[in-house]
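Chemist: my questions are about this predicted structure, shown below with the sequence.
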Amino acid sequence: MECTGTESPVVVLSAGLGTSGSAFDALARDLAARHRVCTYDRAGLGDSPPLGRHDPAPWPGNAADALAKALAAHGEAPPYVLLGWSYGGLVVQSFTARHGDLVAGLVLEDSSTAEQFVDRDWRTIRWEEGGRLVDTRRTARALRRTDFGDRPVVVLTADELSGRIARLWVGYHDRLTASSTDSVHVVAVDAPHAIHESNESIVAAAVDTVASAVAEGGRLPACRATFHDVGGRCLD
C-alpha cells in the first residue's frame, strides 16, 4: 500500500481484475494534490505475496477484509471514499457491505456487478486473480443486492459497448445507482472500460465531488453541473 497527500476523507483506489494498484499512478498523483490517496496491490498481484495453493479462493469479500486490515495497519483513519474500477468495484461493494462503518462515499468506475456471474452474455470472462480462479458463486450470492444507504455515490459507465450488451450494462449500473439515496449515474462519452486512462478528468471529478459531499456533510450537486464539461452524459 502506498498513500500520499493529506486531507480527509482518505480516498482508496481499487484496481481491476488481475491488476496492480500501479494502474492508478497518474490518477493518484492528480488526486493527491487535493486528497489523501491510497493505492494497493491485492493478494497475488504486484508487490503483494503470491497466493498459496492452500489459501482460500479469491473473491471480493476476502479482498475487502484484507483491505480493511491493510488500511488499519498503515494507520489510515476512516472515513474512506472508495473508488473501484471493474472488478475493484466488486471489492468496494463488498467492503461497504462488510465494513460499512468505515465507508463515507463511493465512486464506481465501470464497475463489475453480480449479474455478470449469472448472465450468459458474460460467460467468456475468465475470473482469475493471482493465478487462482475467483469464487464466482460466492460472489454472486453475496453481491446480488447492494445497499449504500445515503452515502454519496457516483456511478461511471464507459461508452464502448453497443446494442443489447450496452443496454444490459447500463441497467446493471442503474441498479447500483439506485442502491443509494444520494447518487448520480454518468456515461463517460467515448471512453473505454479503463475510463481513468482516456478521461482522467471525469474520474477525478467524481472523486472530488464525492469527497466534498462527505467533508461538508451535504449531498451531491446536480450531475450536469459537475460532469457536462468533462465529457459526461448524465442518466439520472
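Modeler: Looks like it came in fine. Numbers count the residues shown, from 1 in each chain.
Chemist: now do the same end-to-end measure for stretch 73-89.
Modeler: End-to-end distance for stretch 73-89, by C-alpha to C-alpha, to the nearest Å: 22 Å.
Chemist: could you list the buried residues of it?
Modeler: Of the residues in stretch 73-89, those buried by neighbour count under the rule 16 or more other C-beta atoms under 10 Å are 76, 78-89. Yep, even glycine has a C-beta here, placed from its N, CA and C like the rest.
Chemist: got the contact list for stretch 13-30?
Modeler: Stretch 13-30 is contacted from outside by 1-2, 4, 37-42, 45-47, 67, 82-89, 91-92, 112, 127-130, 134, 194, 196, 200, 203-204, using C-beta atoms under 8 Å, 6 or more residues apart in numbering.
Chemist: can you tell me which residues contact residue 80?
Modeler: Shown in contact with residue 80 (C-beta under 8 Å, 6+ apart): 9, 10, 11, 12, 71, 102, 103, 104.
Chemist: so of the buried residues of stretch 73-89, which ones are in helices?
Modeler: Mapping the buried residues of stretch 73-89 onto helices (DSSP state H) picks out 87, 88, 89.
Chemist: look up phi and psi at the closest residue to residue 149 other than its chain neighbours.
Modeler: Nearest non-adjacent residue to residue 149, counting by C-beta to C-beta, 6 or more residues apart in numbering: residue 180, 6.7 Å away. Backbone torsions of residue 180, given as degrees, to the nearest 10, read phi -130, psi 150.
Chemist: what about residue 180, distance to residue 103?
Modeler: Note on residue 180: its distance to residue 103, by C-beta to C-beta, to the nearest Å, is 11 Å.
Chemist: mutual contacts of these two, please.
Modeler: Here residue 180 and residue 103 have residue 151 as joint contacts, going by C-beta under 8 Å, 6+ apart.
Chemist: could you pull out the helices for the protein?
Modeler: Listed in chain order, the helices of the chain (DSSP H) span 25-31, 60-73, 87-98, 136-142, 163-178, 195-198, 200-216, 223-227.
Chemist: contacts for the third one next, please.
Modeler: Surrounding helix 87-98, the residues in contact under the criterion C-beta under 8 Å, 6+ apart are 12-19, 42, 60-61, 63-65, 67-68, 82-84, 102-103, 106, 108-114, 127, 129, 139, 142-143, 146-148, 151, 176.
Chemist: ditto for the fourth one
Modeler: With contacts defined as C-beta under 8 Å, 6+ apart, helix 136-142 is touched by 59, 60, 61, 90, 94, 97, 114, 117, 118, 127.
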